[in-house]
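Participant: Compute the structure for the input listed below.
(2 chains)
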There are 2 protein chains.
Amino acid sequence: MRAEIIAVGSELLLGQILNTNARFLSKELALLGIDNYYQSVVGDNALRLKEVLETAKKRSDFIILTGGLGPTKDDLTKETVAELFQTGLSYNEDALTSIESFFTKRNRVMTENNKKQALVLKHSKVLENHFGMAPGMLLEKDQKMIALLPGPPKEMEPMFLNQLKPLLELKMNHQATLTTRVLRFFNIGEAELETKVLDLIEAQSNPTIAPLAGDGEVTLRLTVKHKDANMAKLLLDETEAKITERVGDYLYGYDHTSLKEQLFLQLKKQNLTISAAESLTGGLFSGALTDFPGSSEVFIGSIVAYSTNVKEYHLQVSKEIIDGVGVVSEEAALAMAQSVKEKFGSDIGISFTGVAGPNKQENKEVGTVFIGIVGKEKEQSVTYRLQLHHTRQAIRERTIKYGCFYLLNELKRWNRKE
Amino acid sequence: MRAEIIAVGSELLLGQILNTNARFLSKELALLGIDNYYQSVVGDNALRLKEVLETAKKRSDFIILTGGLGPTKDDLTKETVAELFQTGLSYNEDALTSIESFFTKRNRVMTENNKKQALVLKHSKVLENHFGMAPGMLLEKDQKMIALLPGPPKEMEPMFLNQLKPLLELKMNHQATLTTRVLRFFNIGEAELETKVLDLIEAQSNPTIAPLAGDGEVTLRLTVKHKDANMAKLLLDETEAKITERVGDYLYGYDHTSLKEQLFLQLKKQNLTISAAESLTGGLFSGALTDFPGSSEVFIGSIVAYSTNVKEYHLQVSKEIIDGVGVVSEEAALAMAQSVKEKFGSDIGISFTGVAGPNKQENKEVGTVFIGIVGKEKEQSVTYRLQLHHTRQAIRERTIKYGCFYLLNELKRWNRKE
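Facilitator: Numbers count the residues shown, from 1 in each chain, chains lettered A, B, ... in the order given. The predicted structure follows:
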C-alpha cells in the first residue's frame, strides 16, 4: 500500500505554523509498514487542492489529508473530496451532540458556524474527535482509501492512534514486514560515526543502515525486512552488536527516546533523587526532567539562580569565587551543585553555569559552560567544561543534553562500582 | 515570482524529524512578497527526486531545495540538480578550507568523505556555511532560479538570512506589494472570534482577514496589497481598529511575537524585576522568560518546588495550608508567590501550582491549576484558577501562557493606576 500525506492550510504555506502532522503520520505509517513516498502542502484554495488530490489519486492507494475541517469559511477539505469522489455531505447527529457538549463543558456560547463541523462525507466511517469538535472520516471509494483528519495535532494524534490506526492494522493484515530500530548517539559527529561504520553500511543490505544527524545527535536507523518477528529481531541484534563494538560509548538509547527520558529512567532505576541549580539554562533542565509522569519520584526541585545575588545568598557561591574566578567557573558550578543538593536533601545535585550569549560575560567567550555533578559519596564530585559554538537558544538546549549525557555516564559508572 | 520548496530526506518521510525548514522559508518568502503555492518532501532517492524536480521546474520560477548536501552516500541533491540542469560539479577551494578549519577548531579528525561537501555546481553562486560544513548554492539557468541549502536548520537559517535573502531582495527590486500584519489573541476560541468579526471578514477584500487557531491561541492575518508602504499601513490600521473595538481585550501582540516575549518586554518597559515559584510547570516558565538576551535585567531567579517539602521549607507554604486545602490551592499559590518574591528581593513574585496529570492529586481533577501573582503594593495580590482539558504536556504549556497573559494584564492595570 502506497500512502501519501497532504496537509491543507495556507498558514503552512505562509510559514505561520509547523507541519508536525506530516511527521507524526509518517512515523506511524513506517511502523505499520505502509510506504510513504510523498508529502505535500497546499493552501486553502479549492482549485489547487483539487489538483493535488487528483495527482495523489493517480499515484497513491491511500491519501491522508490533514486540516480544513474547521468551522470557518476557508475550511474546504470535505467539500473538495466530496466533489472529486462524487459523494455527498450530510449532518452527523453524534458529532453535532458532541460539538454542543464541547461548549457546555467549557461554559462558552456555541456560534452557528460550528455546526458546519458536523457535516460528514456520505458512506464514510466517522472518526470521533475527543479533543476538539471536527470529526474525522475514512472513505473507501474507487479502490482508494482517503482519510480526513483535523489539523490541530492535539486532536489529530489521538484520533489517528485510537481510531484510524486499528483499522489500518486490520487492513495490513499483520503483514508488517519492515522492522526498524533507531540507535541514538551523542557526543560524536555524523561523518566521524559514518567513517567508523562505513564498511558495515556498505556491506549490509538486510538490515540497511542509514545515518542521520540533527540537534547535536546522530542516529543510525536499522531497517530489516522479515516476516518473522523473532528473526527480524535477531538480525537487528547482530548488526547492532557490530556497531556498538566500535561506537558503543556514544550510544545512549533506542527509537523515540531522548537523553532526558533516559536520565529520568536511569535515576528511577537506581532509586536516586536529584535537584538542580540552574543559571544559563534558566529552569529548562528542570522543565525537561519533569516532562514525564511520575517525575516527582526522582525530581525534588531546583533553584534557578539567574542573578549573582541568588548564587551568593541562596547557593553558597562564595565572595572569593565571585570576585576571583567568577560565576562562570568550575568552582562556582561545584558550589552550586553541592549547595542545592544539601538544601533540598536530594541524593544528587547538578548545576549549570555559563555564557548563553549574545555577549561575553566575565570576559569569557559565548558558549563557555560548566556543569557540576555531586553525588552521594564524597568522591562523586565532578565538573565538565564545554565550549559550544551555537546561537543562544542552541547553547541552552545543548547544555541540557550534555548535562543528561554526562550524568547518565556518571550514574552508570557509580552503579558499576557499587 | 512563483516559488516552490522541496525538502529532500528519507528521514522526513519516515517521520524522524520535523520539516522546520519549510516553515522558515515560507515565512521568509511571504515577507519578500514571493508567492509560495507548494511544499513537498521527497526521499533520498535520485529517481523520485528528479521527478519532483521536473514537476517543479515546469510550474515554478524559483525552486528552493533543502537537504542532501552532506558528506554521506545518500546525499544526492547536487548530483541530481546537476543532471537535470545539465551542468557539472567542481571543488570549491574556500569551502574546502572552511571544512578543514571546522575540524581543527573542534579538535576533531576530518574524515575523507567530508571533502564531498566542497563539491559545488559549476556557474553557481556559492553560499558560505558559517555554522556547518556543506556550502549552499544559487544557480540561474534555463530562466529558472534554483537554490540548494543544507538540511540542518542551524546552518540553513543563517545562510538564507545573511546570503540568499539579500540577493532575493535585489531580484524583487523592492516591488514588495504584499504587507501582512498578524494580530495575536489569547483566551478566546477561534469560532467565537470569527463570529464577532464575521461581517468584517466578508466585507473586506483589501486587506483580507484570515483566522487561524493553534496551541490555545487565535490569530487574524491581515494582508494588504499596495505599492505604497504608508498607504498599506494606513489600510491595516483602519481594519485593525475595527477589529480591536470588538475583541481588543484578547489581543496581546503582533506578528512573530509570543506571550512570553510580550511579558519580557513589558517588564523591561515598566522596569520591574520578577522571580517565580514553580510546581507543575517545573521550571518552564523561568526557562521561557530567560529565552531572551538581556533577560537578566528583569528575571532574578526562581525556586522549582516539585516536592511538598520544598514548598513547606523553602517557600513558606504552612502546615495548615498543606494539611487543609492542600498544595494545589489558591492559598498555596499566594504563599509561594509571596515567599519567592521576598526571598529573592524582586518586585514581582509569580507562582504555579496544579495537577499536570496523568493522575488526580489531593482529589483534584487533572488540569486544575492555580496561578498566584504578588506585586510591589499590598493590593497587588491576585490568584487565578484554571480548569484545563488537555494532555500533561499541553497543560504545562498552557499554564505558562495563561501566566504570561494574566501578568501582562495586571502590569497594564497597575500601570494605568499609577
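
Participant: Kindly list the main-chain dihedrals of A:Ile300?
Facilitator: For A:Ile300, the backbone dihedrals (degrees, to the nearest 10) come out as phi -90, psi -50.

Participant: Do I have it right that it meets A:Leu272?
Facilitator: No - using CB atoms under 8 Å, A:Ile300 is not in contact with A:Leu272, being 10.7 Å away. Just so you know, the C-beta spots here come from the backbone N, C-alpha and C atoms, and that holds for glycine as well.

Participant: Centre-most residue in chain A?
Facilitator: In chain A, the residue lying closest to the centroid (CA atoms, centre = their mean) is A:His256, at 7.4 Å.

Participant: so what pLDDT did that residue get?
Facilitator: A:His256 is assigned a pLDDT of 86 by the prediction.

Participant: Tell me which helix or strand it sits in.
Facilitator: Counting by DSSP states H and E, there is no helix or strand that carries A:His256.

Participant: same deal with A:Ala337?
Facilitator: Element membership of A:Ala337, judged by DSSP H and E, is helix A:330-344.

Participant: Now do the buried residues in that helix.
Facilitator: A:330-341, A:343-344 (16 or more other CB atoms under 10 Å in any protein chain shown).

Participant: Would you point out the helix or strand in chain A whose mean pLDDT is lowest?
Facilitator: None of the helices or strands of chain A scores lower by mean pLDDT, DSSP states H and E than strand A:208-214, at a mean of 84.

Participant: picking up where we left off before, what sits against the residue nearest to the centre of chain A?
Facilitator: Going by CB atoms under 8 Å, 6 or more residues apart in numbering or on different chains, A:His256 touches A:Val182.

Participant: From B:Glu238, how far out is it?
Facilitator: Per CB to CB, to the nearest Å, A:His256 is found 49 Å from B:Glu238.

Participant: same question, A:Met159
Facilitator: A:Met159 is 41 Å from B:Glu238, by CB to CB.

Participant: Please identify which of those two sits among more neighbours.
Facilitator: A:Met159 (23 against 11; other CB atoms under 10 Å in any protein chain shown).

Participant: residues contacting the more buried one?
Facilitator: Taking CB under 8 Å, 6+ apart as the criterion, A:Met159 is in contact with A:Leu127, A:Glu128, A:Asn129, A:His130, A:Phe131, A:Gly136, A:Leu149, A:Pro150.

Participant: What separation do you get for the spatially closest residue to the first one that is not a sequence neighbour and B:Ala241?
Facilitator: Closest residue to A:Leu127 in three dimensions, ignoring its sequence neighbours and counting by CB to CB, 6 or more residues apart in numbering or on different chains: A:Gly136, at 3.5 Å. When distance is defined by CB to CB, A:Gly136 is 39 Å away from B:Ala241.

Participant: For these two, work out which one has more neighbours and name it.
Facilitator: Using other CB under 10 Å, the more surrounded residue of A:Gly136 and B:Ala241 is A:Gly136, with 25 against 10.

Participant: is stretch A:239-255 anywhere near chain B?
Facilitator: No - judged by CB under 8 Å from any CB of the partner chain, stretch A:239-255 makes no contact with chain B; its nearest approach is 10.1 Å.

Participant: and that stretch, how far apart are its ends?
Facilitator: 15 Å (CA to CA, to the nearest Å).

Participant: and if you look at stretch A:36-49?
Facilitator: 19 Å.

Participant: Okay, buried residues for that stretch please.
Facilitator: In stretch A:36-49, the ones that count as buried by 16+ other CB under 10 Å are A:Asn36, A:Tyr37, A:Tyr38, A:Gln39, A:Ser40, A:Val41, A:Val42, A:Gly43, A:Asp44, A:Asn45, A:Arg48, A:Leu49.

Participant: Show me what the mean pLDDT comes to for that stretch.
Facilitator: In the prediction, stretch A:36-49 has an average pLDDT of 91.

Participant: what do you get for stretch A:380-399?
Facilitator: 93.

Participant: in it, what's buried?
Facilitator: A:380, A:382-384, A:386, A:388, A:390-392, A:394-399.

Participant: what sits against the residue with the largest distance to the centre of chain A?
Facilitator: Computed with CA atoms, centre = their mean, the residue of chain A farthest from its C-alpha average is A:Glu320, at 42.6 Å. By CB under 8 Å, 6+ apart, the contact set of A:Glu320 is empty.

Participant: What's the separation between it and chain B?
Facilitator: 21 Å (CB to the nearest CB, to the nearest Å).

Participant: Could you grab the helix/strand/coil label for that residue?
Facilitator: helix (DSSP: H, G, I helix; E, B strand; the rest coil).

Participant: so A:Tyr384 sits right up against A:Thr368, yeah?
Facilitator: No - counting by CB under 8 Å, A:Tyr384 does not reach A:Thr368; the two are 11.9 Å apart.

Participant: circling back: can you narrow the buried residues of stretch A:36-49 to ones near chain B?
Facilitator: Answer for the buried residues of stretch A:36-49 near chain B (CB under 8 Å from any CB): A:Asn36, A:Tyr37, A:Tyr38, A:Gln39, A:Ser40, A:Val41, A:Val42, A:Gly43, A:Arg48.
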